[in-house]
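**Student:** Have a look at this prediction, sequence included:
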Amino acid sequence: MKKPEIVIFCCYNCTSSEDVDSIERHEAADIRLIKLPCSGRLEVLHILEAFETGSDGVIVLTCLDGKCQSLVGNKRAKNRLELAKKYLDEIGLGQGRLLMKQTFSSASEDKQPLTEAVDEMIGRVGEMGQNPLQ
């Protein structure tokens, strides 16, 4: 099996440069990182297009509850992810290919939250197999 293709949509305010560097060096997956001004700007269509173009998994990183600089951006993102999960189940891809993590920018952690999310998604894709739309 080839390396899983993972798209990461992340709020600009909840990732550090150390997070981005660790992901760019990740060797177990092909990762495309898309930074957003706020996770609330993410639309269901963006998520579905990532799968349509062959991504095996999508991760959405949002700010922690109560820490969103846009006040409710992370809540909007969560609602849209729930809708996207419903669509993924309906078309047979399965909602397990979509992961949302609330995180914060912190270089002091032993393991970066972004790296943990990627490792979790790699495990999920390993169980489900590659995106059949590829």
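**Tutor:** Looks like it came in fine.
**Student:** what's the weakest-modelled helix or strand in this protein?
**Tutor:** Every helix and strand of the chain was ranked by mean pLDDT, DSSP states H and E. The lowest is helix 17-24, at a mean of 70.
**Student:** For the strand or helix carrying Arg32, what does the pLDDT average out to?
**Tutor:** Counting by DSSP states H and E, the element that carries Arg32 is strand 30-36. For strand 30-36, the mean per-residue pLDDT is 90.
**Student:** Buried residues in it, which are they?
**Tutor:** For strand 30-36, a neighbour-count test (16 or more other C-beta atoms under 10 Å) marks Ile31, Leu33, Leu36 as buried. C-betas here are computed from N, CA, C, even on glycine.
**Student:** where's the second one relative to Thr62, distance?
**Tutor:** For Leu33, the distance to Thr62 under the criterion C-beta to C-beta, to the nearest Å works out to 15 Å.
**Student:** So for this protein, the centremost residue is which one?
**Tutor:** Ile59 (1.1 Å; C-alpha atoms, centre = their mean).
**Student:** residues in contact with it?
**Tutor:** Applying C-beta atoms under 8 Å, 6 or more residues apart in numbering to Ile59 gives the contacts Ile6, Val7, Ile8, Phe9, Cys10, Leu99, Met100, Lys101, Ala117, Val118, Met121.
**Student:** Compute the number of surrounding residues for the second one.
**Tutor:** To tie it back to what came earlier, the one meant is Val7. Counted with other C-beta atoms under 10 Å, residues neighbouring Val7 total 23.
**Student:** that's a strand at it, yeah?
**Tutor:** Yes: counting by DSSP: H, G, I helix; E, B strand; the rest coil, Val7 falls inside a strand.
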